[in-house]
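> Return a 3D structure for these sequence lines:
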Amino acid sequence: MKKAEQRTIETGLLHAADAQPLISDDIISEEPAPDVKGNAWNMIVPITIMVLMMPVSLLYTGWDPARFAPEANLGSKIITALGNGSGSTSVLWAVLTSLFVAAIMYRTQKIFTVDEMVALAFKGIGSLMPLAVLMMLAFAIGKMSKDLGTGLYLADLSKQWLHAGLVPFVLFLTASFIAFSTGTSWGTFAIMLAIAVPMAQQFEHTLPLAVAAVLSGGVFGDHCSPISDTTIISSMASACDHIDHVKTQLPYALTAGAFSALLFLLAGFTA
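This next block holds a predicted model:
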């Protein structure tokens, strides 16, 4: 029997009597070395390095003197560089730097050997493969929708019966449903933005409002979805029952989502 199954569940404020805490077997199977003392800096330092590397990487990837105005001061140049930096490249560099610093710290403290760290790294990469495949398919659907003109077709089709003021409201609900069903907000963005932008242009509606409806609906649906990676990780990190976690967050999320839908409906008719 696995250790997770052997774990007794105490009744009280933290868990219900029939709760099944969602604890990763990988976390349970990793036994700390008996001669190694816990050190909070082993977590604080790598995370701090990762956070600090993000703006540094954005500055490096976005620093293009050709974009700067001749009279721009240093502050304006920094803001311009940050806005034009590559987010994906910066995230990659930040994570790799953080992992490298963590590996040095763990090796010097003799917490892990080099072989153990390599094995753990590949185990972590392998666990993210389903998410990577889902994202790849979502972006493929978005690219196909854009190339086929799906947004223009739907906009022209719905223009016959859909009032322009309902566009942000409908986009919000659609993005929420897709994100809840797929468990990914970024995949929803890839699919819906290729449809929302042409619809907003076809209806001569406010483009930022349509994009905001898609982004808001994607985040809302992803937050509520029981198959979302963020929801699952939250349950794992807090060692609580997964369904209990979903049930307890739904009242708050649905309240915020209902108000958001109402505001998008009002904004659609007043914009």
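
> so where's the stretch 151-271 of the chain uncertain?
Low-confidence segments of the stretch 151-271 of the chain, defined by pLDDT under 70: 151-161, 236-237, 239, 271.

> which residues of it fall in helices?
Here the stretch 151-271 of the chain has its helices, by DSSP state H, counting those that start in this stretch, at 167-182, 185-202, 207-224, 229-238, 242-270.

> Can you check which of the ones you listed gets nearest to Val101?
Nearest of the helices of the stretch 151-271 of the chain to Val101, taken as C-beta to C-beta: helix 229-238 at 22.1 Å. In this view, the C-beta of every residue, glycine as well, is placed from N, C-alpha and C.

> Which strands or helices does that closest one pack on?
Other elements packing on helix 229-238 under the criterion 3 or more C-beta pairs under 8 Å, 6 or more residues apart in numbering; DSSP states H and E are helix 207-224, helix 242-270.

> Can I get those in TSV including distance to Thr174 and mean neighbour count?
As requested, the helices and strands packed on helix 229-238 are exported to TSV (distance: least, C-beta to C-beta, whole Å; neighbours: other C-beta atoms under 10 Å):
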stretch	distance to Thr174	mean neighbour count
helix 207-224	7	22
helix 242-270	11	15
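
> Please dump those into JSON lines; it should also carry distance to Asn73 for every row.
As requested, the helices and strands packed on helix 229-238 are exported to JSON lines (distance: least, C-beta to C-beta, whole Å):
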{"stretch": "helix 207-224", "distance to Asn73": "28"}
{"stretch": "helix 242-270", "distance to Asn73": "36"}
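
> Which residues does stretch 261-271 contact?
Residues from elsewhere that reach stretch 261-271, judged by C-beta atoms under 8 Å, 6 or more residues apart in numbering: 164-169, 171-173, 205-206, 209, 213, 216.

> Out of the helices of the stretch 151-271 of the chain, which gets nearest to Val118?
Among the helices of the stretch 151-271 of the chain, helix 229-238 sits nearest to Val118 (C-beta to C-beta), with 23.3 Å.

> looking at the helices and strands packed on helix 229-238, which is closest to Asp147?
helix 207-224 (19.0 Å).

> got the angle for the closest one vs helix 185-202?
Orientation check (axes from the mean of the first three to the mean of the last three C-alpha atoms, to 10 degrees): helix 207-224 against helix 185-202 gives 150 degrees.

> any idea which element Ala72 lies in?
Here Ala72 sits in a region with no helix or strand, counting by DSSP states H and E.

> That one contacts Ile78, correct?
No: between Ala72 and Ile78 there is no contact under C-beta atoms under 8 Å: 9.7 Å.

> Can you check the pLDDT for Thr97?
Per-residue pLDDT puts Thr97 at 95.

> Most neighbours out of the contacts of stretch 261-271, which is it?
Counting neighbours by other C-beta atoms under 10 Å, Pro168 leads these with 31 neighbours.

> Next one: that one from Ala253, what distance?
The gap separating Pro168 from Ala253 is 19 Å, by C-beta to C-beta, to the nearest Å.

> Ok, Asp64 next?
Going from Asp64 to Ala253 by C-beta to C-beta gives 41 Å.

> Alright, that wraps it up for me.
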